[in-house]
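[1] Mind folding the following:
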Amino acid sequence: MLPLFNEIENEIKAVEQELKNFLQAPDPFITETATHLLNAGGKRLRPAFSLLGGRYGDFDFERVLPLAMALELIHMATLVHDDVVDMSTRRRGVYTVRALWGNRVSTHVGDYLFAKSLILVSQYEDPFISKVLAQTSVKMCEGEILQIVTCYDPGQTVKDYFYRIKRKTALLISASCQLGAVACGASAGVSEPLRRYGYHLGMAFQITDDILDMVADKELLGKPVGSDLRQGILTLPAIYALAHSPQKERLFALISSREQDEEKIQEVIELIKECGGIAFANRVAQKFIARAKRELALLPARPVKKTFELIADFIHARRF
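    Residues are numbered from 1 along each chain as shown. Purely as a prediction, here's the structure:
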């Protein structure tokens, strides 16, 4: 758990325990596979944002709990499915569901986790919560599908990239911040700035993730460096480099090739670094962080406001 979440540490632990209880099934195999990723740990960002957002309303942990659990299950479902698509063997430093039990089991486990999230969301009488999560889930799928069909395509633009990561990452973080407040009865004057804060933060989070994929310590990252390049996924540093590198023709050939090895991956990363691709992506992430903080300025002064500010600083400075 991140140190920034110390004030909600007990609540996050309660969410995790409730998730473990909720995922217990009559069949031990279903329980084992469904809880595997949960037991591997994680930042628990989305549940945390919903709990913090709830503090801008009439906070009631029991009101936010089903939402916090559903958000983590939706996120986990996407990760389990991603590992099938990406043929990943490691996630959060442990073997993936796919690596341990194969693609067929992993696909159905992802479906199972998402279906369980629907049970939790159905507990809310306010249709707004289920509507936002349904719309967000659809757009997340759109982003993932788009990522698959554009693999190894060096013709992508910054606009294409933003469109994709908005759907893949930013919208669920945005919904987490917004719906926590909504679940606790906050007005639109509060929940809307929180939604926009979460969106900008989510964009910065994914850009930083994509930077770390090229520069992080693989032990801290929990997966091999250069994973995106191996899968043909074009991220912001690479898009910048393709437009600005003195060796753009060489970079174009390397990125569009489906025959990758460690030497080629390292060459691509070095070319991206040399032309300023990492520095450019860092500057863009900083701009999204600044936009997120401007949204916080619209919110009333409460202790949780400082926590949101610190989280924004951490998101860009993190190393894992």
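
[2] Need phi/psi at the closest residue to Leu234 other than its chain neighbours.
    Nearest residue to Leu234, sequence neighbours excluded (CB to CB, 6 or more residues apart in numbering): Gln156, at 5.0 Å. Quick note: C-beta positions are derived from backbone N, CA and C, even for glycine. For Gln156, the backbone dihedrals are phi -70, psi 150 (criterion: degrees, to the nearest 10).

[3] Number of residues surrounding Gln156?
    When counting by other CB atoms under 10 Å, one arrives at 18 neighbours for Gln156.

[4] Wait, Arg195 touches Gly180, no?
    No: between Arg195 and Gly180 there is no contact under CB atoms under 8 Å: 10.6 Å.

[5] Neighbour count for these two, which is higher?
    Neighbours were counted for Arg195 and for Gly180 using other CB under 10 Å; Gly180 has more, 31 against 23.

[6] which ones are touching that one?
    49-54, 57, 64, 67-68, 194 (CB atoms under 8 Å, 6 or more residues apart in numbering).

[7] Over to Lys131?
    Per CB under 8 Å, 6+ apart, neighbours of Lys131: none.

[8] Would you mark the buried spots in the strand or helix carrying it?
    Under the criterion of DSSP states H and E, Lys131 resides in helix 127-149. By neighbour count on 16 or more other CB atoms under 10 Å, the buried set for helix 127-149 is 129-130, 132-133, 136-137, 139-140, 143-144, 147.

[9] Could I get the average pLDDT for stretch 284-293?
    When pLDDT is averaged over stretch 284-293, the result is 97.

[10] coming back round to it: residue contacts, the residue nearest to Leu234?
    Contacts of Gln156 (CB under 8 Å, 6+ apart): 150, 234, 239.

[11] thinking again about what came up before, could you point out the helix or strand that follows the helix holding Lys131?
    helix 158-165.

[12] quick one: the helix holding Lys131 to helix 158-165, angle?
    130 degrees (axes from the mean of the first three to the mean of the last three CA atoms, to 10 degrees).

[13] Okay, angle between the helix or strand harbouring Ala115 and helix 127-149 too, please.
    Ala115 belongs to helix 103-121 when elements are defined using DSSP H and E. When the same axes, to 10 degrees is applied, the directions of helix 103-121 and helix 127-149 differ by 160 degrees.

[14] List the buried residues for helix 103-121?
    105-110, 112-114, 116-117, 120-121.

[15] swap in stretch 181-190?
    Within stretch 181-190, the residues that count as buried by 16+ other CB under 10 Å are 181-186, 190.

[16] now swap in stretch 260-270 and tell me
    In stretch 260-270, counting by 16+ other CB under 10 Å, buried: 260, 264-265, 268-269.

[17] one step back: for the contacts of Gly180, which one is nearest Cys275?
    Phe49 (35.0 Å; CB to CB).

[18] quick one, what contacts the closest one?
    Going by CB under 8 Å, 6+ apart, Phe49 touches 173, 176-177, 180, 198.

[19] Which members of those residues are the farthest-apart pair?
    Pairwise over the contacts of Phe49, using CB to CB, the maximum falls at Ile173 and Gly180, 11.4 Å.

[20] Kindly check the end-to-end length of stretch 161-175 for me.
    20 Å (CA to CA, to the nearest Å).

[21] Tell me how far that stretch lies from the chain's centre.
    8 Å (CA atoms, centre = their mean, to the nearest Å).

[22] which residues sit against it?
    45-46, 49, 71, 74-75, 132-133, 136, 139-140, 142-144, 146-147, 150, 195-196, 198-203, 205-207, 209-210, 234-236, 239.
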